[in-house]
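>>> give the three-dimensional model of this entry:
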Amino acid sequence: MSSTRSLALILTALAGGTLPLAAAPAPLRIAQAQLSAEDIFWQSIQSSSDPAMYQAYLDQVGAGRFTGIYKALAEIRIASLKGAAPIPKPVDQGSGRAVVIGNADPTAGSSAELEACDRAAAAAADPEKPASVPGVTFAAIDAGAAIRACRKAVDTAGAPRRAYFQLGRAIQKSGNTADAVTYLRKAVELGHAGAMHDLASILRRGAAGVKRDSGLAMALYERAAGTGLNESLVQLGAMYAEGSGVRRDYAKARDYYQRAIAAKTPGAYTNMGVLYANGQGVPRDRTKACEYWREGSTLGDEVAARNLRRSCRMR
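Residues are numbered from 1 along each chain as shown. Modelled structure (predicted):
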(Lines give C-alpha, C1' and ligand atoms only; values in the text may rest on other atoms or scores of the structure.)
Protein backbone atom coordinates (compact mmCIF):
# COMPACT_ATOMS: atom_id res chain seq x y z
CA MET A 1 0.00 0.00 0.00
CA SER A 2 1.40 3.44 -0.92
CA SER A 3 2.22 5.89 1.85
CA THR A 4 -0.31 8.36 0.37
CA ARG A 5 -3.12 5.82 0.48
CA SER A 6 -2.11 4.69 4.00
CA LEU A 7 -2.17 8.28 5.17
CA ALA A 8 -5.59 8.84 3.65
CA LEU A 9 -6.94 5.74 5.41
CA ILE A 10 -5.57 6.83 8.75
CA LEU A 11 -6.95 10.35 8.46
CA THR A 12 -10.34 8.99 7.39
CA ALA A 13 -10.32 6.63 10.37
CA LEU A 14 -9.51 9.47 12.75
CA ALA A 15 -12.43 11.48 11.44
CA GLY A 16 -14.74 8.57 12.19
CA GLY A 17 -13.04 7.64 15.45
CA THR A 18 -11.86 4.16 14.42
CA LEU A 19 -9.10 2.67 12.33
CA PRO A 20 -10.20 0.11 9.70
CA LEU A 21 -8.85 -3.23 10.86
CA ALA A 22 -7.62 -4.24 7.42
CA ALA A 23 -5.56 -1.05 7.16
CA ALA A 24 -3.75 -1.58 10.47
CA PRO A 25 -0.32 -3.22 10.51
CA ALA A 26 -0.40 -6.67 12.11
CA PRO A 27 0.94 -5.60 15.55
CA LEU A 28 -1.99 -3.21 15.97
CA ARG A 29 -4.64 -5.87 15.49
CA ILE A 30 -3.88 -7.50 18.81
CA ALA A 31 -4.96 -4.82 21.24
CA GLN A 32 -5.98 -1.77 19.27
CA ALA A 33 -9.08 -1.24 21.40
CA GLN A 34 -6.77 -0.26 24.27
CA LEU A 35 -5.02 2.41 22.21
CA SER A 36 -5.98 6.04 21.77
CA ALA A 37 -6.46 7.46 18.28
CA GLU A 38 -3.09 9.19 18.70
CA ASP A 39 -1.36 5.91 19.62
CA ILE A 40 -2.96 4.14 16.66
CA PHE A 41 -1.93 6.89 14.28
CA TRP A 42 1.65 6.94 15.55
CA GLN A 43 2.10 3.17 15.51
CA SER A 44 0.75 3.14 11.95
CA ILE A 45 3.37 5.59 10.68
CA GLN A 46 6.39 5.11 12.95
CA SER A 47 8.25 2.84 10.53
CA SER A 48 7.53 5.03 7.50
CA SER A 49 10.30 6.60 5.43
CA ASP A 50 7.92 9.28 4.12
CA PRO A 51 8.24 12.66 5.91
CA ALA A 52 4.65 13.48 4.92
CA MET A 53 3.40 10.83 7.33
CA TYR A 54 5.11 12.49 10.29
CA GLN A 55 4.02 15.94 9.11
CA ALA A 56 0.45 14.67 9.07
CA TYR A 57 0.86 13.72 12.73
CA LEU A 58 2.21 17.21 13.53
CA ASP A 59 -0.72 18.74 11.66
CA GLN A 60 -3.09 16.82 13.93
CA VAL A 61 -1.21 18.14 16.96
CA GLY A 62 -1.43 21.68 15.59
CA ALA A 63 -5.16 21.27 15.06
CA GLY A 64 -5.59 20.20 18.68
CA ARG A 65 -6.72 16.66 17.84
CA PHE A 66 -3.64 15.07 19.39
CA THR A 67 -1.87 15.91 22.65
CA GLY A 68 1.58 15.81 21.03
CA ILE A 69 3.23 13.08 23.09
CA TYR A 70 5.20 11.99 20.01
CA LYS A 71 5.82 15.52 18.70
CA ALA A 72 9.56 15.68 19.42
CA LEU A 73 10.13 12.27 17.87
CA ALA A 74 8.10 13.21 14.77
CA GLU A 75 10.24 16.32 14.29
CA ILE A 76 13.42 14.24 14.62
CA ARG A 77 12.16 11.72 12.05
CA ILE A 78 11.20 14.42 9.54
CA ALA A 79 14.55 16.17 9.83
CA SER A 80 16.47 12.89 9.62
CA LEU A 81 14.60 11.81 6.49
CA LYS A 82 15.27 15.19 4.91
CA GLY A 83 18.95 14.93 5.77
CA ALA A 84 19.20 17.51 8.54
CA ALA A 85 18.55 16.24 12.03
CA PRO A 86 17.96 19.04 14.56
CA ILE A 87 18.38 18.68 18.27
CA PRO A 88 15.14 19.06 20.24
CA LYS A 89 15.30 21.63 23.04
CA PRO A 90 14.09 20.67 26.51
CA VAL A 91 12.01 23.10 28.51
CA ASP A 92 14.24 25.64 30.23
CA GLN A 93 14.67 24.52 33.81
CA GLY A 94 15.38 28.09 34.93
CA SER A 95 18.74 27.77 36.64
CA GLY A 96 19.18 31.51 36.15
CA ARG A 97 22.87 31.17 35.22
CA ALA A 98 23.92 32.78 31.94
CA VAL A 99 25.82 30.43 29.65
CA VAL A 100 28.05 31.53 26.79
CA ILE A 101 27.94 29.07 23.90
CA GLY A 102 31.36 28.07 22.70
CA ASN A 103 32.79 26.42 19.61
CA ALA A 104 30.83 23.38 18.41
CA ASP A 105 33.95 21.92 16.83
CA PRO A 106 34.96 18.90 18.94
CA THR A 107 38.52 19.16 17.63
CA ALA A 108 38.95 22.73 18.89
CA GLY A 109 42.43 23.46 20.22
CA SER A 110 43.32 22.52 23.77
CA SER A 111 44.11 24.82 26.67
CA ALA A 112 45.24 24.37 30.24
CA GLU A 113 41.63 24.96 31.38
CA LEU A 114 40.18 22.43 28.95
CA GLU A 115 42.84 19.85 29.77
CA ALA A 116 42.01 20.17 33.48
CA CYS A 117 38.31 19.75 32.70
CA ASP A 118 39.01 16.69 30.54
CA ARG A 119 41.03 15.02 33.26
CA ALA A 120 38.43 15.80 35.91
CA ALA A 121 35.22 14.86 34.12
CA ALA A 122 35.68 13.34 30.64
CA ALA A 123 33.59 10.22 30.02
CA ALA A 124 35.74 7.23 29.10
CA ALA A 125 33.47 6.31 26.17
CA ASP A 126 33.35 9.85 24.72
CA PRO A 127 35.09 9.74 21.32
CA GLU A 128 35.59 13.52 21.50
CA LYS A 129 37.93 13.44 24.49
CA PRO A 130 41.68 13.43 23.80
CA ALA A 131 43.12 9.95 23.37
CA SER A 132 45.66 10.70 26.09
CA VAL A 133 42.89 11.18 28.68
CA PRO A 134 41.52 7.88 30.10
CA GLY A 135 38.22 9.34 31.28
CA VAL A 136 36.47 9.19 34.64
CA THR A 137 33.50 7.09 35.69
CA PHE A 138 30.55 9.08 37.00
CA ALA A 139 31.01 7.57 40.47
CA ALA A 140 34.68 8.62 40.54
CA ILE A 141 34.14 12.28 39.63
CA ASP A 142 35.33 14.73 42.30
CA ALA A 143 32.41 17.10 41.79
CA GLY A 144 33.94 20.17 43.42
CA ALA A 145 37.23 19.98 41.55
CA ALA A 146 35.56 19.06 38.25
CA ILE A 147 33.05 21.92 38.47
CA ARG A 148 35.80 24.46 39.11
CA ALA A 149 37.91 23.16 36.23
CA CYS A 150 35.06 22.88 33.73
CA ARG A 151 33.56 26.29 34.55
CA LYS A 152 36.90 27.77 33.56
CA ALA A 153 36.93 25.64 30.40
CA VAL A 154 33.49 26.78 29.19
CA ASP A 155 34.43 30.40 29.86
CA THR A 156 37.39 30.05 27.49
CA ALA A 157 36.90 31.38 23.94
CA GLY A 158 36.17 28.58 21.49
CA ALA A 159 35.38 25.97 24.16
CA PRO A 160 34.32 22.73 22.45
CA ARG A 161 30.98 21.07 23.16
CA ARG A 162 32.49 18.34 25.30
CA ALA A 163 33.38 20.98 27.92
CA TYR A 164 29.67 21.74 28.44
CA PHE A 165 28.91 18.02 28.60
CA GLN A 166 31.63 17.50 31.19
CA LEU A 167 30.47 20.44 33.28
CA GLY A 168 26.96 19.01 33.18
CA ARG A 169 28.29 15.64 34.37
CA ALA A 170 30.19 17.26 37.22
CA ILE A 171 27.23 19.35 38.37
CA GLN A 172 24.95 16.31 38.19
CA LYS A 173 27.43 14.40 40.37
CA SER A 174 27.15 17.22 42.92
CA GLY A 175 23.42 16.50 43.15
CA ASN A 176 22.18 19.64 41.39
CA THR A 177 20.41 17.97 38.48
CA ALA A 178 18.41 21.05 37.45
CA ASP A 179 21.60 23.10 36.94
CA ALA A 180 23.26 20.14 35.21
CA VAL A 181 20.43 20.13 32.66
CA THR A 182 21.34 23.69 31.64
CA TYR A 183 24.82 22.62 30.54
CA LEU A 184 23.80 19.28 29.09
CA ARG A 185 21.22 21.14 27.01
CA LYS A 186 23.93 23.48 25.67
CA ALA A 187 26.05 20.47 24.72
CA VAL A 188 23.01 18.89 23.06
CA GLU A 189 22.36 22.04 21.05
CA LEU A 190 25.96 21.81 19.84
CA GLY A 191 25.44 18.17 18.84
CA HIS A 192 27.20 16.19 21.57
CA ALA A 193 25.89 12.60 21.55
CA GLY A 194 26.83 11.78 25.15
CA ALA A 195 24.93 14.84 26.34
CA MET A 196 21.87 13.70 24.36
CA HIS A 197 22.03 10.34 26.10
CA ASP A 198 22.57 11.76 29.60
CA LEU A 199 19.87 14.40 29.19
CA ALA A 200 17.46 11.72 27.94
CA SER A 201 18.19 9.63 31.02
CA ILE A 202 17.34 12.56 33.29
CA LEU A 203 14.15 13.48 31.44
CA ARG A 204 13.05 9.86 31.30
CA ARG A 205 12.69 9.69 35.09
CA GLY A 206 12.52 13.34 36.06
CA ALA A 207 14.35 14.79 39.06
CA ALA A 208 14.18 17.62 41.56
CA GLY A 209 13.56 20.73 39.49
CA VAL A 210 13.35 18.76 36.24
CA LYS A 211 9.98 17.72 34.85
CA ARG A 212 9.71 14.21 33.42
CA ASP A 213 9.37 14.20 29.62
CA SER A 214 9.37 10.67 28.22
CA GLY A 215 8.64 11.78 24.66
CA LEU A 216 11.64 14.08 24.53
CA ALA A 217 13.78 11.45 26.26
CA MET A 218 12.91 8.98 23.51
CA ALA A 219 13.68 11.54 20.80
CA LEU A 220 17.06 12.30 22.36
CA TYR A 221 17.92 8.60 22.68
CA GLU A 222 16.95 8.13 19.01
CA ARG A 223 19.18 11.04 17.98
CA ALA A 224 22.10 9.77 20.05
CA ALA A 225 21.69 6.27 18.63
CA GLY A 226 21.71 7.79 15.15
CA THR A 227 25.21 9.12 15.82
CA GLY A 228 26.40 5.63 16.74
CA LEU A 229 25.95 5.74 20.52
CA ASN A 230 24.57 2.22 20.84
CA GLU A 231 23.86 2.38 24.57
CA SER A 232 20.96 4.64 23.61
CA LEU A 233 19.47 1.71 21.68
CA VAL A 234 19.61 -0.32 24.89
CA GLN A 235 17.76 2.38 26.80
CA LEU A 236 15.11 2.72 24.09
CA GLY A 237 14.55 -1.02 24.39
CA ALA A 238 14.32 -0.72 28.16
CA MET A 239 11.68 2.01 27.87
CA TYR A 240 9.50 -0.31 25.80
CA ALA A 241 10.18 -3.31 28.04
CA GLU A 242 9.26 -1.33 31.17
CA GLY A 243 6.39 0.59 29.61
CA SER A 244 8.22 3.72 30.77
CA GLY A 245 6.47 6.67 29.13
CA VAL A 246 5.31 4.45 26.26
CA ARG A 247 3.01 1.48 25.99
CA ARG A 248 4.86 -1.70 26.90
CA ASP A 249 5.90 -3.51 23.73
CA TYR A 250 8.32 -6.41 24.10
CA ALA A 251 8.65 -6.83 20.34
CA LYS A 252 9.99 -3.28 20.01
CA ALA A 253 12.23 -3.80 23.04
CA ARG A 254 13.66 -6.93 21.46
CA ASP A 255 14.25 -5.10 18.16
CA TYR A 256 16.26 -2.35 19.86
CA TYR A 257 18.24 -4.90 21.86
CA GLN A 258 19.03 -6.87 18.69
CA ARG A 259 20.33 -3.73 16.99
CA ALA A 260 22.55 -3.01 19.99
CA ILE A 261 23.71 -6.64 20.15
CA ALA A 262 24.76 -6.39 16.51
CA ALA A 263 27.10 -3.64 17.68
CA LYS A 264 28.35 -5.75 20.64
CA THR A 265 26.83 -3.45 23.27
CA PRO A 266 27.15 -5.22 26.67
CA GLY A 267 23.91 -4.03 28.28
CA ALA A 268 21.84 -5.28 25.36
CA TYR A 269 22.87 -8.87 26.12
CA THR A 270 21.89 -8.36 29.74
CA ASN A 271 18.43 -7.05 28.92
CA MET A 272 17.77 -9.61 26.19
CA GLY A 273 18.61 -12.30 28.72
CA VAL A 274 16.00 -10.86 31.08
CA LEU A 275 13.32 -11.13 28.36
CA TYR A 276 14.11 -14.82 27.91
CA ALA A 277 14.40 -15.50 31.63
CA ASN A 278 10.95 -14.01 32.27
CA GLY A 279 9.27 -15.10 29.05
CA GLN A 280 8.48 -11.50 28.12
CA GLY A 281 7.53 -11.37 24.45
CA VAL A 282 9.50 -14.56 23.81
CA PRO A 283 9.15 -18.16 25.05
CA ARG A 284 10.68 -18.56 28.50
CA ASP A 285 14.12 -20.06 27.94
CA ARG A 286 16.64 -20.07 30.77
CA THR A 287 19.35 -21.57 28.55
CA LYS A 288 19.12 -18.67 26.11
CA ALA A 289 18.99 -16.20 28.97
CA CYS A 290 22.21 -17.62 30.36
CA GLU A 291 23.85 -17.50 26.95
CA TYR A 292 23.06 -13.81 26.64
CA TRP A 293 24.24 -13.10 30.18
CA ARG A 294 27.45 -15.05 29.60
CA GLU A 295 28.23 -12.96 26.53
CA GLY A 296 27.33 -9.73 28.32
CA SER A 297 29.57 -10.74 31.21
CA THR A 298 32.43 -11.45 28.81
CA LEU A 299 31.99 -7.94 27.42
CA GLY A 300 32.24 -6.49 30.93
CA ASP A 301 28.64 -5.88 32.00
CA GLU A 302 28.41 -6.27 35.78
CA VAL A 303 24.66 -6.93 35.84
CA ALA A 304 25.06 -9.72 33.29
CA ALA A 305 27.82 -11.24 35.42
CA ARG A 306 25.63 -11.04 38.53
CA ASN A 307 22.67 -12.63 36.75
CA LEU A 308 24.95 -15.36 35.45
CA ARG A 309 26.25 -16.17 38.94
CA ARG A 310 22.82 -16.16 40.54
CA SER A 311 20.74 -17.95 37.93
CA CYS A 312 22.95 -20.10 35.71
CA ARG A 313 24.95 -23.24 36.29
CA MET A 314 28.57 -22.49 35.59
CA ARG A 315 30.22 -24.99 33.30
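>>> CA only for contacts and neighbour counts going forward, please
OK.
>>> grab the nearest non-local neighbour of Arg248.
What sits nearest to Arg248 in space, not counting adjacent residues and going by C-alpha to C-alpha, 6 or more residues apart in numbering, is Tyr240, at 5.0 Å.
>>> any weak-confidence spans in this protein?
The model of the chain has pLDDT under 70 over residues 1-35, 43, 46-47, 80, 83-110, 314-315.
>>> all strands of it, in order?
Counting by DSSP state E, no segments of the chain form strands.
>>> could you report the distance from the most centrally placed residue in it to Tyr240?
When C-alpha atoms, centre = their mean is applied to the chain, the residue found nearest the centroid is Tyr221 (1.6 Å). Tyr221 sits at a distance of 13 Å from Tyr240 (criterion: C-alpha to C-alpha, to the nearest Å).
>>> spatially nearest residue to the residue nearest to the centre of the chain (excluding sequence neighbours)?
In space, Tyr221 is closest to Ser232, 5.1 Å off (C-alpha to C-alpha, 6+ apart).
>>> wait, doesn't the one you found sit right on Ala219?
No. When contacts are counted by C-alpha atoms under 8 Å, Ser232 is not listed as touching Ala219 (10.4 Å).
>>> give me the more crowded residue out of these two.
Remark: of Ser232 and Ala219, Ser232 carries more neighbours, 29 against 25, as counted by other C-alpha atoms under 10 Å.
>>> show the contacting residues for the more buried one.
Contact analysis of Ser232 by C-alpha atoms under 8 Å, 6 or more residues apart in numbering lists 197, 221-222, 224-225.
>>> quick revisit: do you know how far the residue nearest to Arg248 is from Lys186?
From Tyr240 to Lys186 the distance is 28 Å (C-alpha to C-alpha).
>>> ditto for Ala277
When Ala277 is compared with Lys186 (using C-alpha to C-alpha), they lie 41 Å apart.
>>> okay, the two: which has more neighbours?
Comparing Ala277 with Lys186 by other C-alpha under 10 Å, the one with more neighbours is Lys186, at 22 against 19.
>>> residues contacting the closest residue to the more buried one other than its chain neighbours?
Leaving aside its sequence neighbours, Lys186 sits nearest to Tyr164 (C-alpha to C-alpha, 6+ apart; 6.6 Å). Residues near Tyr164 by C-alpha under 8 Å, 6+ apart: 150, 154, 183-184, 186-187.
>>> ok, which stretches of the stretch 101-250 of the chain are helices?
For the stretch 101-250 of the chain, applying DSSP state H, counting those that start in this stretch gives helices covering 112-121, 143-154, 161-174, 177-189, 193-205, 214-226, 231-242, 250-262.
>>> mind checking which of those helices is nearest Met272?
Smallest distance to Met272 across these (C-alpha to C-alpha): 6.4 Å, for helix 250-262.
>>> ok, back up a step: okay, now the residue nearest to Arg248: neighbour count?
Tyr240: 20 neighbours (other C-alpha under 10 Å).
>>> how near is it to Val274?
Taking C-alpha to C-alpha as the measure, Tyr240 falls 13 Å from Val274.
>>> check contacts around Ser132.
Counting by C-alpha under 8 Å, 6+ apart, Ser132 touches no other residue.
>>> quick one, phi psi at it?
Phi and psi for Ser132, reported as degrees, to the nearest 10, are phi -80, psi -10.
>>> and if you look at the one 5 residues further on?
Backbone torsions of Thr137, given as degrees, to the nearest 10, read phi -70, psi 160.
>>> my guess is it meets Ala120, correct?
No. The pair formed by Thr137 and Ala120 falls short of the contact definition of C-alpha under 8 Å, at 10.0 Å.
>>> higher neighbour count, the two?
Ala120 (26 against 12).
>>> excluding covalently adjacent residues, which one is nearest to the more buried one?
Setting aside the residues directly before and after it, Ala120 is nearest to Ala146 in space (C-alpha to C-alpha, 6+ apart), at 4.9 Å.
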